[in-house]
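> Build me a model:
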Amino acid sequence: MAVPTPLPPSLRRGLVAFSGSLFINNKTWDSGTVLSSLPLQVMLYFNVYYFPVWCLAEGIMLHLKYHLLPWHYQLLLVTAFLILSLAEGSRLYLGYLGNLQEKVPELAAFLLLSFLIQLPLLLFLLTDSQVIHLPLEVPMHSLFLAFLLIEIVAAFLALRTMTKQLAAQFYLRQFQEGGRGREIKAHGHWNMENCKML
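Take a look at the predicted model:
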């Protein structure tokens, strides 16, 4: 069985420096790979323009039907509208940041906000039988729901790709650092160049 020959020290130092640069600011990129999701970015772009229209239309429709609703539905609808409006700004910002800069934590937060807050509230507004649905309300909510579902799927796929890339880079760095430690032990002493490598 052939024993692999060790890499020259200069090549090892170059690989370690390159792999160290991969982990700046939690970004999951390397010199030739783009991990951002184009479908997600397109949906976010259109959603940024659609959201103020939805917000204005929903505010007007809520005002028109407010006096026809029981008091507990008045409270529920106003609360749902406020939470949806406030969370949507944060969600879109995190989506842009996580996707364009390929940052895993921000994209994961975007996915959680979409799935745990926006989706249940929007489904409540669309499906509850006690909510009075005005003619414009169902198409507006349906389009918002379509944006949301496509963004959830695209963000999940992008997040899966980014985490796989980040895990591969982590294992590569561990492998390279393990080789560097064995090289230092083999020489039996520390010198200035080894300190710079660490």
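
> which SSE is the residue most central in space within the chain in?
Taking CA atoms, centre = their mean, the centroid of the chain lies closest to L107, which sits 1.0 Å from it. Assessed by DSSP states H and E, L107 sits inside helix 104-113.

> and for that helix, what are the contacting residues?
26, 28, 87, 90-91, 94-95, 97-99, 152, 155-156, 158-159, 162-163, 166 (CB atoms under 8 Å, 6 or more residues apart in numbering). Quick note: C-beta positions are derived from backbone N, CA and C, even for glycine.

> who's in contact with F115?
F115 is in contact with I152, counting by CB under 8 Å, 6+ apart.

> quick one: it and L126, what's the gap?
Distance of F115 to L126, computed by CB to CB, to the nearest Å: 16 Å.

> which residue sits closest to V138, ignoring its sequence neighbours?
Spatially, and ignoring its direct neighbours in sequence, V138 is nearest to L126 (7.1 Å; CB to CB, 6 or more residues apart in numbering).

> Please read the previous query as pertaining to F46.
F147 is the one closest to F46 (CB to CB, 6+ apart), at 7.1 Å.

> Wait, that neighbour touches Y45, no?
No - counting by CB atoms under 8 Å, F147 stays clear of Y45, with 10.7 Å between them.

> who has more neighbours, those two?
F147 (20 against 12; other CB atoms under 10 Å).

> Y66 contacts L76, correct?
No - using CB under 8 Å, Y66 makes no contact with L76, being 11.7 Å away.

> Which one's more surrounded, those two?
Between Y66 and L76, counted using other CB under 10 Å, L76 has the larger neighbour count: 18 against 13.

> Distance from the chain centre to the helix or strand encompassing that one, please.
Element membership for L76, per DSSP H and E: helix 71-100. Relative to its chain's centre, helix 71-100 lies at 17 Å (CA atoms, centre = their mean, to the nearest Å).

> same deal with stretch 38-55?
Its chain's average C-alpha position is 15 Å from that of stretch 38-55, according to CA atoms, centre = their mean.
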